[in-house]
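Visitor: got a sequence here, can you model it:
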Amino acid sequence: MTRWNDELSLGLEEIDNQHRELFRRMETLLEACVAGKAAEEVIDMLAFLDDYVALHFRTEEVLQERFAYPGLPFHRQQHDLFRRRLLLLKEEVATKGGGSDVALQVNQMLIEWLRDHILAVDKQTALYLSPRLP
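Guide: Numbers count the residues shown, from 1 in each chain. Model prediction:
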């Protein structure tokens, strides 16, 4: 479930492009695990996720604010939970180092995020926003 497909599309171009990039990076991390290079890639992935969540979550929240999306408080809460999980993983890498176990944790977190957030919460948001966008 780490490859992008059209069923994952929200119909919101900017957000879909950001999601595609996340999927591309997830695939790279899995490939690094298979190749025995998880330690290096997990560090890169966590750095990417720092930048990604700052940009992506802000993109989503600005759109939701602009169109008075009633689910914004819950959506923000979900984003905050992800940020906290990311921080815990970064702390683990800082104390124990990166490796395939951490890489698998990162991928598991992202797969859960895909299942619980992108496929459910973001889809609901897109249903609300799509008819309101120019």
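Visitor: what comes into contact with the least confident helix or strand in the chain by mean pLDDT?
Guide: Ranked by mean pLDDT, DSSP states H and E, the weakest helix or strand in the chain is helix 100-113, scoring a mean of 85. With contact meaning C-beta atoms under 8 Å, 6 or more residues apart in numbering, helix 100-113 is reached by 1-2, 22, 26, 29-30, 32-33, 38-39, 41-42, 45-46, 49, 82, 85-86, 89, 92-93, 96. C-betas here are computed from N, CA, C, even on glycine.
Visitor: what do you get if the cut-off is 7 Å, keeping everything else the same?
Guide: The contact list for helix 100-113 (C-beta atoms under 7 Å, 6 or more residues apart in numbering) reads 1, 26, 29-30, 32-33, 38, 41-42, 45-46, 82, 85, 89, 92-93.
Visitor: list buried residues within the residues you listed.
Guide: Neighbour-count burial (16 or more other C-beta atoms under 10 Å) is assigned, among those, to 26, 29-30, 32-33, 38, 41-42, 45-46, 82, 89, 92-93.
Visitor: ok, E41 to I15 distance?
Guide: 25 Å (C-beta to C-beta, to the nearest Å).
Visitor: swap that for R76, please
Guide: 16 Å.
Visitor: so the two - more neighbours on which side?
Guide: I15 (20 against 15; other C-beta atoms under 10 Å).
Visitor: now do the same contact list for the more buried one.
Guide: Going by C-beta under 7 Å, 6+ apart, the list of residues near I15 reads T59, E60.
Visitor: and the pLDDT for it?
Guide: Note for I15: predicted pLDDT of 94.
Visitor: for it, helix, strand, or coil?
Guide: Following DSSP: H, G, I helix; E, B strand; the rest coil, the label given to I15 is helix.
Visitor: which of the buried ones among the contacts of helix 100-113 fall in strands?
Guide: Using DSSP state E, no member of those falls in strands.
Visitor: now render these as JSON lines, adding distance to F67.
Guide: JSON lines is the format used below for the buried ones among the contacts of helix 100-113 (distance: C-beta to C-beta, whole Å):
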{"residue": "M26", "distance to F67": "29"}
{"residue": "L29", "distance to F67": "34"}
{"residue": "L30", "distance to F67": "35"}
{"residue": "A32", "distance to F67": "39"}
{"residue": "C33", "distance to F67": "40"}
{"residue": "A38", "distance to F67": "40"}
{"residue": "E41", "distance to F67": "37"}
{"residue": "V42", "distance to F67": "37"}
{"residue": "M45", "distance to F67": "32"}
{"residue": "L46", "distance to F67": "32"}
{"residue": "F82", "distance to F67": "22"}
{"residue": "L89", "distance to F67": "32"}
{"residue": "E92", "distance to F67": "38"}
{"residue": "V93", "distance to F67": "37"}
